[in-house]
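>>> Dropping a prediction and its sequence here:
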Amino acid sequence: MENVAVRIRNLSKRYENGGKVTKALKNINLDIREGEILGVLGPNGAGKTTLINILATLLIPDKGTINAFGIDVLKEPNKFREIIGYAGQDSEKSAYYRLTAFETLVYFSYTFRDVKKEDIEKEIKYISKRIGFSRKLNSQFSTLSGGEKQATVIMRALVHKPRLCFLDEPSKSLDPITAKKFRAFLKDFVRKDKITTIITTHNMSEAEEICDRIVLINKGRIKFIGTPLEFKNIMDYTDKIILDIHLNKLLISKFKKIPSVVRIKQTIGSTVIYTNKANLSLLALTSILKNENLEPKITVKSATVEDAFIKVMENGK
Amino acid sequence: MSLWMNITLLRRYNLNFIFWVIYAAINATLMLLFIPLYSASISAIGTKSMISFILIGAAMLPLLEETVSSVAGDANFQLWSGVINYSFTTPISRYIYFSLNNISEVVISLVVYSPIYLAAILFAFSYLTPLGLLLSLVCFAIGFLSMLQLGLMLGAGILLFRKVHALEGIIILFVTFLSGAFIPLQVLPSSINYAALFVPLTSSLYLVRYYLIGSSLIAPVYLMWIITLSELIVFAVIAKFIFAAAEKKAEKIGFNYI
């Protein structure tokens, strides 16, 4: 059994604003395993950032306990702060903008962390090379694009090699190429150094690609904990077959008789067939379509974490 | 490291540095225009060098005003930018961090104002003793640390209430007119002299002048020392307390909601 890095018990937090009380977290219980990348998913206002901010010692909960690597986080926050890294959502402003990216990283790491300057410089060069950021290191923070600023701030959270790292929507402003490089790097980097990483994200493909486990939060409560595969398994289908035609009732009833077909959904100009065995379904489908002299464009897509997310949210489970 | 950052920025924007030096020189020159006014009260001021007397005030006042306002500026920037969230997730104390940032800025300012200090020492050279120079430096350091506490209070006030800029204006106004840097307190009514002793810069500035150029004090020297040290301790305790309150509030509701 894997070691538990962070043990969260009965965590609750509420905000009061102008007499209005919002319960951001309700009795959260969660074990985070050492060295894993845990994705925290949920719609806007679900409580993701509140959870990450409590874990990063930015907020204190109203109730509950957090134990991380043997440290009682709420009683000894400073001891805990020595082993964490953090990148928040406001990364596009979160630095001294007249310093270069390199100076920013050196300044923050060296001022706030007990690290050797030469180690930090070596690590900055290594990480920036891996995510394709090397040529931007000597640019002033103010002149960087949103994504480059985001990359700088993510690097700031990682360069001192924390035992536990919190990244709040890390790839929010990254372009697709940088995001891909970042994901590959993050996966490799945190695995190599066994950095337990907690990320919040709205990007379902990111969660699927890099997270060992995901936690789905809605209205302050945990709705699901498990691997991305387990999450997808809450769906009653494995694949979607998409046809770019609208079918008549007769054809629909024929398709429904195919054993592996779970259900069929029609929209204007297209038909989506949800199935458990795409190959078998496709064979039967193409045969029926051939008999009807129909040759629609056929696309097959696997069920995604995003599909599972939408299903859970729609069902309010 | 804060000093490294400030030196890096100073070298990057050297035109600003030149303007800063010009500002310091203009400031000192304008203050020297007050010599006729002071000369009328020279017996009350009791200094051995009127020029040194004025130059010390001209150099210390803007420097220590900056001590107050730079913490507030830094707190404002950190709140706006979100740097504060990062710094709160690190083990370094916020009180220490703001203090070090401020001290580094003041060290840079000292470079700018150093020609004025040197001029003040030069004019007082014939009266100067090594012990006098040492004690004046100690008093200067204590005065600076007391003013830093005011700056930290203001910074913590910004963390607590977001906008307290008007208070910054009030503090600087008091320091300007009641520290004796601009107008010698000896020429003002004695009741104002007593009130002035509650301004943290006043007693230390008078002690600096006393040890450098033998200026008269507005209270016995032992009392000036007690006041100087007491103010440092009291202001430091208050500053720490307000900082702790700001941190507690932030942890309860989050900086985004302050």
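Right, received. Where do you want to start? Numbers count the residues shown, from 1 in each chain, chains lettered A, B, ... in the order given.

>>> C-alpha only now, for contacts and for neighbours.
Fine.

>>> low-scoring pLDDT stretches of the chain, where are they?
Here I'm looking at chain A. For chain A, the stretches with pLDDT under 70 are A:1-2, A:91, A:316-317.

>>> not quite, I wanted chain B
In chain B, residues with pLDDT under 70: B:31, B:34-48, B:255-258.

>>> any idea which residue sits dead centre in it?
Most central in chain B under Cα atoms, centre = their mean is residue B:64, positioned 2.0 Å from the mean C-alpha point.

>>> tell me the SS of that one?
Put simply, residue B:64 is helix when judged by DSSP: H, G, I helix; E, B strand; the rest coil.

>>> For burial, what's the neighbour tally of the residue of the stretch 1-150 of chain A found nearest chain B?
Closest residue of the stretch 1-150 of chain A to chain B, Cα to the nearest Cα: residue A:59 (4.1 Å). A total of 24 residues lie near residue A:59 under the criterion other Cα atoms under 10 Å in any protein chain shown.

>>> residues contacting the residue nearest to it when sequence neighbours are not counted?
In space, and not counting its chain neighbours, residue A:59 is closest to residue B:251: 4.1 Å by Cα to Cα, 6 or more residues apart in numbering or on different chains. By Cα atoms under 8 Å, 6 or more residues apart in numbering or on different chains, the contact list for residue B:251 reads A:57, A:58, A:59, A:60.

>>> from those, which ones fall inside strands?
Using DSSP state E, no member of the contacts of residue B:251 falls within strands.

>>> out of these, which is most surrounded?
residue A:58 leads those on contacts (other Cα under 10 Å) with 26 neighbours.

>>> how about that residue, what does it touch?
B:85, B:88, B:89, B:250, B:251, B:254.

>>> try 7 Å this time
B:85, B:88, B:89, B:251, B:254 (Cα atoms under 7 Å, 6 or more residues apart in numbering or on different chains).

>>> Check residue A:260 too.
A:275, A:276, A:277, A:281.

>>> biggest separation within those, which pair?
For those, the maximum inter-member distance is 8.3 Å, found between A:276 and A:281 (Cα to Cα).

>>> Pull up the overlap in contacts between these two.
With Cα under 7 Å, 6+ apart as the test, residue A:276 and residue A:281 both reach A:260, A:261.

>>> Show me where chain B has its strands.
Under DSSP E, chain B gives no strands.

>>> What segments of it are helices?
B:2-12, B:14-32, B:35-40, B:42-45, B:50-81, B:83-88, B:94-123, B:130-161, B:165-178, B:190-196, B:200-213, B:221-253 (DSSP state H).

>>> Next to chain A, which bits of chain B? Give me the list.
Neighbours of chain A within chain B, by Cα under 7 Å from any Cα of the partner chain: B:1, B:81-83, B:85-86, B:88-92, B:251-254.

>>> ok, of those, which one's closest to residue B:199?
Residue B:199 lies nearest to residue B:92 out of these, by Cα to Cα, at 30.0 Å.

>>> The closest one and residue A:112 touch, don't they?
Yes. At 6.1 Å, residue B:92 counts as touching residue A:112 under the criterion of Cα atoms under 7 Å.

>>> Could you identify the longest helix within chain A?
Longest helix in chain A, counting by DSSP H: helix A:176-192.

>>> Looking at chain A, which residue reaches furthest from the middle?
Checked against the mean C-alpha position of chain A, the extreme residue using Cα atoms, centre = their mean is residue A:291, at a distance of 45.2 Å.

>>> separation between it and residue A:285?
Residue A:291 sits 10 Å away from residue A:285, going by Cα to Cα, to the nearest Å.

>>> and if you look at residue B:210?
100 Å.

>>> more crowded one of the two?
A count of neighbours by other Cα under 10 Å puts residue B:210 above the other of residue B:210 and residue A:285, at 21 against 18.

>>> Who are the contact partners of the more buried one?
If you count contacts by Cα under 7 Å, 6+ apart, residue B:210 has them with B:216, B:217.

>>> Give me every residue in the stretch 1-150 of chain A lying close to chain B.
For the stretch 1-150 of chain A, the residues in contact with chain B (Cα under 7 Å from any Cα) are A:15, A:56-60, A:78, A:81-82, A:86, A:90, A:93-95, A:107, A:111-112.

>>> Any idea which residue of the stretch 151-300 of chain A lies closest to chain B?
For the stretch 151-300 of chain A, Cα to the nearest Cα, closest residue to chain B: residue A:157, 8.9 Å.

>>> Doesn't that residue belong to a strand?
No. Secondary structure of residue A:157 (three-state DSSP): helix, not part of a strand.

>>> Just give the closest residue to it, not the sequence neighbours.
With Cα to Cα, 6+ apart, the residue lying closest to residue A:157 is residue A:85, at 4.4 Å.

>>> In this structure that neighbour contacts residue A:168, no?
No. Residue A:85 is not in contact with residue A:168 according to Cα under 7 Å; the separation is 11.2 Å.

>>> ok, those two, which is more surrounded?
Higher neighbour count among residue A:85 and residue A:168: residue A:85, with 27 against 24, using other Cα under 10 Å.

>>> Surely that one forms part of a strand?
Yes. Residue A:85: assigned to a strand according to three-state DSSP.

>>> how many neighbours does residue B:136 have?
22.

>>> got a list of what the nearest residue to it once chain neighbours are set aside touches?
Ranked by Cα to Cα, 6+ apart and with sequence neighbours excluded, the top spatial neighbour of residue B:136 is residue B:208, at 4.2 Å. For residue B:208, the contact set (Cα under 7 Å, 6+ apart) comprises B:136, B:139, B:140.

>>> again, only using 10 Å
In this structure, residue B:208 makes contact with B:53, B:56-57, B:132-141, B:143, B:202, B:214-215, judged by Cα atoms under 10 Å, 6 or more residues apart in numbering or on different chains.

>>> Over to residue B:96?
B:102, B:152, B:240.

>>> now residue B:129
B:135, B:211, B:212, B:213.

>>> re earlier: which residues does the residue nearest to the centre of chain B contact?
If you count contacts by Cα under 10 Å, 6+ apart, then residue B:64 has B:70, B:106, B:109, B:143-148, B:151, B:172, B:175-176, B:201 around it.

>>> again, but for residue B:234
Shown in contact with residue B:234 (Cα under 10 Å, 6+ apart): B:146, B:149, B:240.

>>> separation between the second one and residue B:95?
Using Cα to Cα, we find residue B:149 at a distance of 10 Å from residue B:95.

>>> Find residues that contact each of residue A:85 and residue A:168.
residue A:154.

>>> Spell out the residue ranges of the helices in chain A.
Under DSSP H, chain A gives helices at A:48-55, A:77-81, A:101-112, A:117-130, A:146-158, A:176-192, A:204-210, A:228-232, A:249-256, A:278-291, A:305-315.
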